[in-house]
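Student: Predicted model and sequence follow; I will ask about them next.
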Amino acid sequence: MNNIRKNRWKDQAFKVWGIACTLLGLVLLVIFIGSVIVDGLQRIDWDFITSLPSRKAERAGIFTALMGSVWVLVLTTIIALPVGIAAAIYLEEYAKKNRLSSLLEVNISNLAGVPSIIYGLLGLEIFVRIMQMGASVLAGSFTLALLILPIVIVSTREAIKAVPKSVRDASFALGASKWQTVSRQLLPASFGGILTGIILALSRAVGETAPLIVIGALTYVPFAPSSPMDEFSVLPIQIFNWISRPQHGFEVNAAAAIIVLLSITFLMNGIAVYFRNKWQKKLK
Amino acid sequence: MRRIKEMVIEKALLSSALITIAVTVGIILVLSIEAIAFFSEVSIIDFFTDTQWTPLFADKHFGILPLLSGTLLTSFIAIAFAVPVGLSISIYISEYAPKSFRRTVKPALELLAAVPTVVYGFFALTVVTPFLQSFIPGLSGFNALSAGLVMGIMIIPFISSLSEDALHAVPHSLREAAYGMGSTKLQNAFKVMVPAASSGIIVSIILAISRAIGETMIVAIAAGQQPRLTLDPTVPVETITAYIVQVSLGDVQHGSLEYRTIFAAGITLFVFTFLLNTISYRIRKRFQEKYE
Amino acid sequence: MSKLKTKESIIDSDIKRKYKLQAEGVKVFYDDFMAIKGIDMSIKANKVTAFIGPSGCGKSTFLRLFNRMNDYVDGFRMEGKITIDGGNIYKKKINVEQLRKQVGMVFQKPNPFPKSIFENVAYGLKIQGIKDKRFLQEKVEESLKQVALWDEVKDGLNKSALALSGGQQQRLCIARTLAVEPSVILMDEPTSALDPLSTAKIEELIYELKKEYTIVIVTHNMQQASRVSDYTAFFYMGELIEYDQTKKIFTNPEKQQTENYITGRFG
């Protein structure tokens, strides 16, 4: 009897511990967002968003960095999307089970685990130096595109895989070729899932700092980029720069810029989740 | 005509897939070429045995150990914090919590993983460090402890989410069998479920370690930039990644020895994470085959 | 089987033309496993031929040879010859897409595309590059009328096909197949996922369709085979055990194994 009671007590104790752990993460998230808001919200106004950087904390704004982020995001999408989706289609629908496909498989899984800063080193040598793009928006976008490529591929494959096999059977049985089946049935049916994966990948790209620092993105740029070959900064680098300054005014700026960055990331995640739910319902 | 079109499309898709191989080859080539140039000037024995890393000073030393110790120290703190918490969360969510709880909490935890790392760095520097200083008086403004803990917070959702998936994949019959023999949820969780899902859980931990070792911005912001061979978590240290950032921010001439140090540091980092990723991939493959 | 073979060999080529589908010495392997162990068979045009036999006897695999749907299975390999109207469909140069337009297929579970009813029926035509809207509309209407679904769906052609009931979905899948004007229709247990009422409707439809099409149907349901088919083939362990007129098979089979199976003594 005693033993049973002890077991039940342990059971209850673990339950409490489990709840505590689960809440820990969430509570920390709340504390953190709370503290950032307390620090930074007062600093956010239209001027903060539209002002150029400045040596004086109270006059500095995030316009150039924000524009840099937008440029990088758009170009990264243009570069990573076609390649990532095409690679996923190949692996999921065309590849036969052989050495090449298993090599591709291991390789992509490995790339997904390569630290982002290593992509920075790759981009520095290949894009900035050998291809002579300099520390431009384009070089940064190529670097980030390679970084998110494995994520795009993996999530696109998942989405295509989720389309029932019977759809393929039916399409082939009606005389459709492989590509017709892919383009007319599989891609439309998996669109929601692919979109979700892409938005999540881009939300990762928008928060990346280290690889862009390594390729030489600037911490101070006087103007927003106007072409892919221009020098640039991005929001996370601007935040990093402000964090590393001693004056309190810049810490406030950093907090304010973090609010903007977090809003963008959470918004993207929210949109992704919305599309995923909608898509999953449709697929059922 | 149509057949040619189909073939062209297939080849185009294949070449997109092959780009991923080119990326890996590119990484390995870039890192090795610069690293080989580095080791032609610095002895590889010094690199692994010298206890000082001062390539940017007049008295140059090129011992990777201080950077390695900084990396391992911060990663160890992160893992020591994240593994017990993350695993507890996964067990609680899969074995105890009601379904509605799972549906709301899981996405909320995944939001933790979506926060950019530079933001975590800010958190470590401006919230966690001052908080810890209030009861660890000797704690330096930059330290491994605070950076490690915050990195742990960042990693929690990785471990909890992947482990929870692994627990979820255990056949329901196994759970019922354990309950049928009168075990409590706790006994069932630790004696049946966790062993059954062990490979998935191990994979989640290995990936978390790999992630911690490669993490850059948190440590660059909160752990400091002083390479030192120590296991003391209260003083400033420098990790491999933080060093690469530090050099990148400065004005280092391409082709100089300083420039090459970041590739030597980078290849060390790459080898570590590559090994960890490969191990986890192997385990995952074997695990999949077992269940299919 | 031996008897059947001798019968065939004395048939002159004129009569042979009545056979729509023919298999000669067909063997199928999945890696090292032999799923079909050498089958010769001739199937008549404008008749319904039923394939019966216990699970795993190879009847579905054999059916899927006629539109080459096994090509996508890993480790699939075939020996022997399969002809449609005398043409070998496993020739190297054969256009598989073209073949499948000629040989339609209906699957075990209704598998409409996650698109509108109209798009489902028009799909087979659209992939042939047909864009003429009027033609498509006429064809969709005609096909849906053929399967007696038109009246039920004509006001909601743009609604999702997934909203239809199981029986309606299966009739839609048949309409989809008819729209590309095949001459052969393969049916792989087309009613196994349906309720008795829907099953009856499909069976009625099969009876109607055989006027214009050659139909081969795999079924687990003995009553169904006896109701809808003119010829019945009994498969066991990858071999064709007996093949004759349905009446003969069900009343007076030659082989003991066949009798055991249809009387429910095994399988």
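Tutor: Thanks, I have the structure now. Numbers count the residues shown, from 1 in each chain, chains lettered A, B, ... in the order given.
Student: got the contact list for the nearest residue to B:T117 once chain neighbours are set aside?
Tutor: With Cβ to Cβ, 6 or more residues apart in numbering or on different chains as the criterion, B:T117 has its nearest non-adjacent residue at 4.1 Å, and that residue is B:M217. All C-beta spots, glycine's among them, are computed from the backbone N, C-alpha and C. The contact partners of B:M217, taken as Cβ atoms under 8 Å, 6 or more residues apart in numbering or on different chains, are A:209-210, A:236, A:240, B:116-118, B:120-121, B:245.
Student: repeat that with 6 Å
Tutor: By Cβ atoms under 6 Å, 6 or more residues apart in numbering or on different chains, the contact set of B:M217 is A:209-210, B:117-118, B:121.
Student: cool, A:L186 as well?
Tutor: With contacts defined as Cβ under 6 Å, 6+ apart, A:L186 is in contact with A:160, A:163.
Student: Is it in a helix, a strand, or coil?
Tutor: Under the three-state scheme (DSSP: H, G, I helix; E, B strand; the rest coil), A:L186 adopts helix.
Student: Next: C:A193.
Tutor: Once three-state DSSP is applied, C:A193 turns out coil.
Student: quick one: it and C:V106 touch, right?
Tutor: No: with contacts counted by Cβ atoms under 6 Å, C:A193 stays clear of C:V106, the gap being 11.6 Å.
Student: more neighbours, the two?
Tutor: Applying other Cβ atoms under 10 Å in any protein chain shown to C:A193 and C:V106 shows that C:V106 carries more neighbours, namely 26 against 16.
Student: Which pLDDT value goes with the more buried one?
Tutor: What the model reports for C:V106 is a pLDDT of 95.
Student: again, but for B:Y291
Tutor: We have a pLDDT of 53 for B:Y291.
Student: which residues in chain C form helices?
Tutor: Listed in chain order, the helices of chain C (DSSP state H) span C:2-10, C:13-16, C:59-65, C:96-102, C:117-126, C:133-146, C:150-153, C:166-179, C:196-209, C:222-228, C:246-251, C:256-262.
Student: Let's have the ones you listed in a markdown table, adding mean pLDDT and distance to A:A224.
Tutor: Formatted as a markdown table, the helices of chain C follow (pLDDT from 0 to 100; distance: least, Cβ to Cβ, whole Å):
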| stretch | mean pLDDT | distance to A:A224 |
| --- | --- | --- |
| helix C:2-10 | 41 | 82 |
| helix C:13-16 | 47 | 80 |
| helix C:59-65 | 94 | 60 |
| helix C:96-102 | 91 | 52 |
| helix C:117-126 | 95 | 45 |
| helix C:133-146 | 95 | 48 |
| helix C:150-153 | 94 | 55 |
| helix C:166-179 | 94 | 54 |
| helix C:196-209 | 92 | 64 |
| helix C:222-228 | 92 | 72 |
| helix C:246-251 | 93 | 80 |
| helix C:256-262 | 91 | 79 |
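Student: which one of those helices lies closest to chain B?
Tutor: Between chain B and those, the shortest gap by Cβ to the nearest Cβ is with helix C:96-102, which sits at 7.7 Å.
Student: which residues of the chain score low on pLDDT?
Tutor: Just so you know, I chose chain A. For chain A, the stretches flagged by pLDDT under 70 are A:1, A:284.
Student: Let me rephrase: I mean chain B.
Tutor: Residues of chain B meeting the criterion pLDDT under 70: B:289-292.
Student: Let's check: the centremost residue of it is which one?
Tutor: B:R211 (1.3 Å; Cα atoms, centre = their mean).
Student: which element is it on?
Tutor: Using DSSP states H and E, B:R211 maps to helix B:198-214.
Student: Any part of that helix near chain A?
Tutor: Yes: for helix B:198-214, a contact with chain A is found by Cβ under 6 Å from any Cβ of the partner chain, at B:210, B:214.
Student: show me what contacts the closest residue to C:Q170 other than its chain neighbours?
Tutor: Leaving aside its chain neighbours, C:Q170 sits nearest to C:P110 (4.2 Å; criterion: Cβ to Cβ, 6+ apart). Counting by Cβ under 6 Å, 6+ apart, C:P110 makes contact with C:166, C:169-170, C:173.
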